[in-house]
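Participant: I'll drop the sequence and a predicted model, then ask my questions.
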Amino acid sequence: MFRWKLWLVVAPVAMFVLGTLMASCGGGGGCFGSFNAQGFFIAGLCPTASPSPGFALTAINICPGPPPPTPTPTKTSGPTPTPTACPQATSTGVSGSGVSINFNAQGVLVKGKQTTYADITNAPSTLWTANNNPVGGPQVLQPPSTSNGGQYTGLNNGCACINVSSGGINGQPITVSVGTPSASCPACPTLTPTATPTATSTPKGGTASQASGASTENDSSGGTVLWTFDAHAPVAGPIRTTADGSAVFITADSMLHYIDAAGHEVYDRPAGGAAPAIGPDGTVFVQGTTSWLYALDNRGRPKWKANVGRGKGPLAADSEAVYANEDGNLVAISGGRTAWSIPIGTVDQGAAIPGGVVVAANGGDLTAVSSTGSTMWTFSPSGGFSGDLSVANGMVYAGSASGSVYALDAGTGATVWQASSGAPVASGPSVGSAGTVFFGSDALYAIDSSGATLWSSRSIVPLSHALAALSNATLFVAATSDSVASMLDLNGNIEWTARDLGRVVQVNAGASGVAYAASADGHVRALK
């Protein structure tokens with residue numbers, strides 16, 4: 001009997017200690033330490049940008065050659081040698097295209113006066129990018145795949161810059177010349193050192209890597225991953241964003257996740273439907289796992305709930321109501337009470353417009369309904385609705401299966417202009433800060449406010465729902481070819497490209513020029 005009672009005490013204590021150790025290394029990966037770039041095992045230091053408690057990533061060294069091999073741990077006598085910094089790479093030149101060029105990334109980690117190093121070449125939060133110098137020239141380098149870390153391949157003769165980032169920290173970019181004398185390549189811009197970040201806690205329900213206080217303005221030579229969140233399940237529908245930079249989404253395991261601008265999960269809870277909706281005051285509206293619709297504050301606490309039936313869940317919200325598709329009806333809920341309900345069939349997307357809401361069904365029509373529940377207008381795109389639904393500048397922008405994008409007057413539904421392509425619209429339309437409309441079908445298209453084509457590119461064709469026009473006059477695109485993700489300026493010039501994101505399934509624009517990208521493996525990243 002005594003042994004049985006003792007086990008009741010010991011087992012929970014052991015599980016608590018084990019859980020604490022695992023949490024200190026970034027979640028349920030089972031990591032209790034790792035080998036650094038010199039092959040020394042550091043207990044509690046896991047190979048991500050959020051190492052053991054107290055350590056903070058303060059800098060990244062880009063070093064020549066592939067990452068060092070991970071040795072088999074052995075017991076040695078005497079003190080453990082002190083890790084040292086790796087030799088940093090400078091400009092590199094290769095004789096011609098088709099040649100592989102290898103680099104590795106060493107994280108500089110600081111806790112008080114203690115400094116250590118870790119190989120983060122292939123860490124989940126590490127992003128390798130490349131751009132051309134000058135921007136707009138032919139792509140010189142093929143960025144590495146996720147499994148190959150800093151391994152680049154020369155594509156065309158010319159000059160380029162490579163860069164690595166993790167948790168909001170950038171390494172100094174390296175100049176690479178392909179088939180060109182190194183001396184003829186201009187030096188890559190030197191980045192301003194980032195502010196010293198502070199250590200952050202492991203987010204609830206997943207792992208995130210970030211560095212608060214780090215500068216995010218040093219993106220001239222490559223993209224920066226501000227944070228990475230592992231949801232452990234694919235994102236089921238669109239990512240919604242709040243004014244303060246938080247990202248809210250539902251995963252395929254029927255969980256709602258609320259991630260703040262620093263990459264921390266503020267809360268999660270069971271949810272149904274495809275996506276939440278965000279009100280103007282930041283209220284999150286979400287379908288529960290049954291027939292209840294919930295209004296949540298920014299800590300996940302219910303403001304009210306309403307029994308509305310089952311369906312797609314909330315589609316859009318404005319200051320008057322939240323609009324949801326339940327049991328084939330479009331319902332408006334205000335303050336927890338049903339304001340009206342009208343039969344509309346199944347719709348897939350919705351967006352708030354002045355005085356109401358517009359909804360669309362894949363392969364079907366668009367319908368605008370006023371805030372009082374009366375139909376304002378309907379529109380039947382050729383071939384049926386396809387792509388994404390956007391509202392900006394008093395217009396509703398929608399694509400079609402016939403390859404056209406329409407700009408409709410939000411009040412009347414009248415066609416203001418129509419732009420055509422050669423294939424069904426798969427991604428976008430997404431509207432930039434200057435009013436330019438972007439969409440992807442057989443190519444990536446940019447359309448001005450009058451409906452005229454500014455430019456098109458067949459080299460970067462977006463995946464479905466994988467295009468976002470950002471507030472800092474850039475365009476983030478996840479392309480079909482080898483899962484390449486690219487940041488473009490508004491003239492279509494590539495600012496940087498990356499291959500470390502996996503197959504992207506959802507993209508959305510956040511505050512201050514941040515893009516959110518969700519991959520099929522369940523990772524959600526904030527990039528800039």
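Facilitator: Ah, there it is. Numbering: from 1, shown residues only.
Participant: How about exporting stretch 337-349 as PDB, limited to the C-alpha atoms?
Facilitator: Output of stretch 337-349 as PDB, limited to C-alpha atoms (Å, rounded to 0.1, in the frame of the first residue of the first chain):
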ATOM      1  CA  ARG A 337     -29.200  38.500 -30.700                       C
ATOM      2  CA  THR A 338     -30.200  37.500 -34.300                       C
ATOM      3  CA  ALA A 339     -31.000  40.700 -36.200                       C
ATOM      4  CA  TRP A 340     -32.200  38.900 -39.300                       C
ATOM      5  CA  SER A 341     -31.900  35.600 -41.200                       C
ATOM      6  CA  ILE A 342     -32.400  35.100 -44.900                       C
ATOM      7  CA  PRO A 343     -32.100  32.000 -47.100                       C
ATOM      8  CA  ILE A 344     -29.000  32.200 -49.400                       C
ATOM      9  CA  GLY A 345     -27.700  28.700 -49.800                       C
ATOM     10  CA  THR A 346     -24.100  27.800 -49.100                       C
ATOM     11  CA  VAL A 347     -21.500  30.600 -49.500                       C
ATOM     12  CA  ASP A 348     -17.800  30.400 -49.000                       C
ATOM     13  CA  GLN A 349     -16.500  33.900 -48.600                       C
END
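Participant: buried set for whichever strand in the chain runs longest?
Facilitator: Ranked by number of residues, the top strand in the chain under DSSP state E is strand 100-111. Using 16 or more other CB atoms under 10 Å as the burial criterion, the residues of strand 100-111 that qualify are I101, N102, F103, N104, A105, Q106, G107, V108, L109, V110. (Each C-beta comes from the backbone N, C-alpha and C, glycine too.)
Participant: Average pLDDT for the helix or strand following it, rounded please.
Facilitator: Downstream of strand 100-111, the first helix or strand assigned by DSSP states H and E is strand 114-119. For strand 114-119, the mean per-residue pLDDT is 88.
Participant: Centre of the chain to the following helix or strand past strand 114-119, how far?
Facilitator: Moving toward the C-terminus from strand 114-119, the first helix or strand encountered (DSSP H and E) is strand 126-132. The chain centroid and the centroid of strand 126-132 are separated by 16 Å under CA atoms, centre = their mean, to the nearest Å.
Participant: In terms of secondary structure, what does strand 126-132 contact?
Facilitator: strand 150-154, strand 158-166, strand 494-498 (3 or more CB pairs under 8 Å, 6 or more residues apart in numbering; DSSP states H and E).
Participant: please redo it, this time with the cut-off set to 7 Å
Facilitator: Packing partners of strand 126-132 (3 or more CB pairs under 7 Å, 6 or more residues apart in numbering; DSSP states H and E): strand 158-166, strand 494-498.
Participant: Mind putting those strands into CSV with mean pLDDT?
Facilitator: What follows is the helices and strands packed on strand 126-132, written out as CSV (pLDDT from 0 to 100):
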stretch, mean pLDDT
strand 158-166, 89
strand 494-498, 84
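Participant: so which helix or strand takes in Y445?
Facilitator: Going by DSSP H and E, Y445 is part of strand 444-447.
Participant: That strand - which strands sit beside it in the sheet, and in what orientation?
Facilitator: In the sheet, strand 444-447 lines up against strand 437-440 (antiparallel), strand 453-457 (antiparallel) (DSSP bridges).
Participant: Highest mean neighbour count out of these?
Facilitator: strand 437-440 (a mean of 28; mean count of other CB atoms under 10 Å).
Participant: Could you check how far that one is from the centre of its chain?
Facilitator: 19 Å.
Participant: same question, stretch 278-291
Facilitator: For stretch 278-291, the distance to the chain centre is 21 Å (CA atoms, centre = their mean).
Participant: Pull out the buried residues from that stretch.
Facilitator: So, applying 16+ other CB under 10 Å, buried residues of stretch 278-291: I278, G279, T283, V284, F285, V286, Q287, G288.
Participant: Check whether the third one really touches Y294, as I assumed.
Facilitator: No - counting by CB atoms under 7 Å, T283 sits too far from Y294 to count as a contact (9.9 Å).
Participant: got any ranges where the protein has weak pLDDT?
Facilitator: 1-54, 70-83, 133-137, 146, 192-222, 481-482 (pLDDT under 70).
Participant: mind listing the helices for it?
Facilitator: For the chain, helices defined by DSSP state H occupy the ranges 2-23.
Participant: A295 - how many residues pack around it?
Facilitator: 22 (other CB atoms under 10 Å).
Participant: so it touches V308, yeah?
Facilitator: No - A295 is beyond contact range of V308, at 11.9 Å (criterion: CB under 7 Å).
Participant: Can you check which residues contact both of those two?
Facilitator: Both A295 and V308 lack any common contact, where contact means CB atoms under 7 Å, 6 or more residues apart in numbering.
Participant: residues contacting the residue lying closest to A187 once chain neighbours are set aside?
Facilitator: Closest residue to A187 apart from its sequence neighbours, by CB to CB, 6 or more residues apart in numbering: T175 at 5.8 Å. By CB under 7 Å, 6+ apart, the contact list for T175 reads S91, C159, C161, C185, A187, C188.
Participant: Now do the contacts for the first one.
Facilitator: Translated: S91. Contacts for S91 were tallied using CB under 7 Å, 6+ apart; they are I174, T175, S182, C185.
Participant: ok, now with 8 Å
Facilitator: By CB atoms under 8 Å, 6 or more residues apart in numbering, the contact list for S91 reads I174, T175, V176, S177, S182, C185, A187.
Participant: Redo those as TSV? Include distance to N122.
Facilitator: As requested, those are arranged in TSV below (distance: CB to CB, whole Å):
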residue	distance to N122
I174	18
T175	23
V176	20
S177	26
S182	27
C185	27
A187	28
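Participant: quick check, nearest of the contacts of T175 to D268?
Facilitator: C161 (38.6 Å; CB to CB).
Participant: That closest one - how many residues pack around it?
Facilitator: 26.
Participant: And for the one 4 residues further on?
Facilitator: By the other CB under 10 Å criterion, the neighbourhood of S165 contains 29 residues.
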